[in-house]
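A.B. asks: this one's structure only:
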């Protein structure tokens, strides 16, 4: 297994001679590594040995990933850039870095981004393009050295992506939501009941009581994923607007909802009043989950902390 060599000394200043010299590399822990090499899961091992289609890509993706990790290691060595290494995108980032490099896919970058403020650029390496979309990733195996050189010398285009803030009963739950929030009943088969309100800067508000399968709310970066699949539209990547999309709305006697799909600007606020005894709020996937009770009030708005991502080309915007 490829292991990046880590340097545990961080320079006092993030740049030296216009070159970023304190780099954090966040490396994905593949399913193969976790389940087979570490946990020695007998069932997974047997399925892989039998060529079962449910696990067919697991080892291949792992080997592809390991090749990319080795290339990152070689590139850093050739560039003379010391780096700290963190395995697992959810491990705590405790120091300031001039650059964060994620080696995995969009999920790895997304998870790491929750600990990164707007002043730290992120460079995504898609380590397994055969099985990973890598929408936010600027490079892949075969081009890593050139991308890292551009990144550490400040010559790679930087894009600031809008993130979303979520509050629960007036307290901030998360200020760095990049893709979306999902609000729904704790049981996927149950009806979600809530009161939805969108309030503009001047105080004007539109409110509606709804029953549905829940709703997606998120910034432009997530509009190509769940929001689009649920019937939303793809927002320009640099848009500062937030979109909400109600999932499978219940419309008695065919009456359309006023607030089924829509966007609101940076000065507006979306409010959800929970009418369920048991509901859940999921942020950027299933790794961040918050329980909410009846009467709880959720608010969502544009965050004051955008994410700086390197190498996003215009065709992605």
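C.D. replies: Structure's in. What do you need? From a predicted model like this one, the values you see are computed outputs, not experimental measurements.
A.B. asks: Residue 307 against residue 176, yeah?
C.D. replies: Yes: using Cβ atoms under 8 Å, residue 307 is in contact with residue 176, at 7.2 Å. Bear in mind the C-beta positions are built from the backbone N, C-alpha and C, glycine included.
A.B. asks: So for those two, which residues contact both of them?
C.D. replies: Shared contacts of residue 307 and residue 176, defined by Cβ atoms under 8 Å, 6 or more residues apart in numbering, are found at 113, 116, 163.
A.B. asks: Filter those residues down to the buried ones.
C.D. replies: Neighbour counting by 16 or more other Cβ atoms under 10 Å classes 113, 116, 163 among the shared contacts of residue 307 and residue 176 as buried.
A.B. asks: Which pLDDT value does the model give the first one?
C.D. replies: Read that as residue 113. What the model reports as pLDDT for residue 113 is 94.
A.B. asks: likewise the second one?
C.D. replies: Per-residue confidence for residue 116 comes out at a pLDDT of 93.
A.B. asks: show me what contacts it?
C.D. replies: For residue 116, the contact set (Cβ under 8 Å, 6+ apart) comprises 93, 100, 122, 176, 307.
A.B. asks: what's the helix ranked longest in the chain in contact with?
C.D. replies: Assignment by DSSP state H gives helix 56-79 as the longest helix of the chain. Contact with helix 56-79 is made by 1-2, 4-5, 23, 25, 27-28, 30-33, 36, 44, 48, 82-83, 101, 103-104, 125-132, 140-142, 144-145, 148-149, 152, as judged by Cβ under 8 Å, 6+ apart.
A.B. asks: Of all the residues in that helix, which ones are buried?
C.D. replies: Across helix 56-79, burial judged by 16+ other Cβ under 10 Å covers 58, 61-62, 64-66, 68-69, 71-73, 75-76.
A.B. asks: repeat for stretch 156-166
C.D. replies: Neighbour counts over stretch 156-166 (16+ other Cβ under 10 Å) mark 156, 159, 161, 162, 163, 164, 165, 166 as buried.
A.B. asks: what's the answer for stretch 122-131, then?
C.D. replies: For stretch 122-131, burial by neighbour count (16+ other Cβ under 10 Å) applies to 122, 123, 124, 125, 126, 127, 128, 129.
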